[in-house]
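*Asks:* quick one, fold the following:
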Amino acid sequence: MPHSRRIRIGYCIDSFGIGGTELNAVRTVEALDLNRFEITIFHLHEDGPLRARYEGLGVHLVHLPISRLYAPRTAIQGLRLARILRQRGIQVVHTHDVYTNIFAVPWARMLGGCRVIASRRWLDAVPRPGLMPLNRWSYRLATRVLANCAMVARFLAEDERVPPHKIIEIPNFLEERAFQRVDPAARTVQRRQWGIPEGAFVAGVVARLAPVKSHEMLLRAAQRLDDDVHVVLVGDGPARAALEALARELDIQPRVHFIGQLVSPINLHQFFDVSVLCSRTEGFPNSLIEALAAQCPVVATPVGGVTEIIVDDESGLLVPVDDLDALAARLQSLRRDPELRGRLAGTGLCRVRAKYHQSAVIAQLASLYRELAGNAAERERVVR
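*Replies:* Here you go, the predicted structure:
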């Protein structure tokens, strides 16, 4: 398709940091056919580890420096956004988080002349409660509101009072490389580099080290298990110091490995024997579908969109929130039963490949973009 006929999309993100929303955003741009879609990335923060991936795609990046949503200079950036949208002929704006919902949706809808997709990728956790009324207002202005799981879609309709015809459910997804596994020798080398002794049983987590993720539950469960059970925590965040102190207090420090934040093309769950997510609340956790793609059995709490991914004792194991006894028992059963691990891994792989592979999900999103761009083009012809 000639470049002049590409559908022009304005992609709005808060930052280039590592997180579920941020990773899904960059993966989406990487998966879209850039011969059919011209993408402009509007970003509120200038730097971060994911910036290089956008730059590698050759998409246009526009920094909109905003210190506070309420600051007078924010309005200047809003006018600048609207001007750029019109100059570049952008047809559809897609915001991805609470900050870009609040900032970009009004300017794009009222002055940018665009169809607008707002996003809801979380259930009830926001940085500040005061953001919620503004975010709710952005839904009223948006053309569509995208939910990344059925539970979030229901929340939008029932709690946020978004008209059902405006809500569209499109889940997060995985690229084909997420299903690729390294050979056993490479797996052994990686585990050794993390300080894991040969023959150890590894329970791992790939998640930000934040209280809502409840990593401490896994540490307390590991204390109840034999010394060959090791814990690997991939990620960083404000709870790290407290978790390190807890590992020392429980006297399991040699069995707990803090790997830090990793940006890797390799699915890290394949280096675990079981992937754990003890969260007290979730939207749609990418970590779980990544674990299933890696054929790693999962133990998780049934919060948010988790139950749309994990069917207990079929595609994984579920434990009640903050139930230490149940978590320890589930980990012990997986440690002792390789047949159970194999059955869960096989069922989980089939489920995630059928529902969350990028080929299925990106087709849905591309169709939405085409629909809205067509409506925008028709509206422009009527105005003229």
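*Asks:* Arg36 contacts Ala366, doesn't it?
*Replies:* Yes - if you go by Cβ atoms under 8 Å, Arg36 and Ala366 touch, sitting 7.5 Å apart. Bear in mind the C-beta positions are built from the backbone N, C-alpha and C, glycine included.
*Asks:* could you check the pLDDT of Leu156?
*Replies:* With respect to pLDDT, Leu156 scores 94.
*Asks:* still on that earlier bit, more neighbours: which of Arg36 and Ala366?
*Replies:* For Arg36 and Ala366, the more surrounded residue by other Cβ atoms under 10 Å is Ala366, and the numbers stand at 17 against 13.
*Asks:* near the nearest residue to Leu277 once chain neighbours are set aside, how many other residues are there?
*Replies:* Nearest in space to Leu277, with sequence neighbours left out and distances taken as Cβ to Cβ, 6 or more residues apart in numbering, is Ala300 at 4.3 Å. Number of residues near Ala300 (other Cβ under 10 Å) recorded here: 26.
*Asks:* okay, and the beta partners of Ala300?
*Replies:* Beta-bridge pairing of Ala300 under DSSP bridges involves Leu277, Leu318.
*Asks:* residue contacts, it?
*Replies:* Residues in contact with Ala300, defined by Cβ atoms under 8 Å, 6 or more residues apart in numbering, are 276-279, 285, 288, 306, 310, 316-319.
*Asks:* most neighbours among the residues you listed, which one is it?
*Replies:* Sorting these by how many neighbours each has (other Cβ under 10 Å) puts Val276 first, at 33 neighbours.
*Asks:* just checking, that residue touches Val299?
*Replies:* Yes - contact status for Val276 versus Val299: in contact at 5.1 Å, counting by Cβ under 8 Å.
*Asks:* mutual contacts of those two, please.
*Replies:* Contacts common to Val276 and Val299, judged by Cβ under 8 Å, 6+ apart, are 203, 327, 331.
*Asks:* got phi/psi on the first one?
*Replies:* According to degrees, to the nearest 10, the main-chain angles of Ala203 amount to phi -100, psi 120.
*Asks:* what are the neighbouring residues in contact with it?
*Replies:* Counting by Cβ under 8 Å, 6+ apart, Ala203 touches 218, 222, 229-232, 272-276, 299, 331.
*Asks:* looking at those residues, which are in helices?
*Replies:* Under the assignment DSSP state H, these contribute 218, 222, 331 to helices.
*Asks:* measure the last one to Thr307 for me?
*Replies:* The spacing between Leu331 and Thr307, counted by Cβ to Cβ, to the nearest Å, is 20 Å.
*Asks:* likewise the second one?
*Replies:* As judged by Cβ to Cβ, Ala222 and Thr307 stand 25 Å apart.
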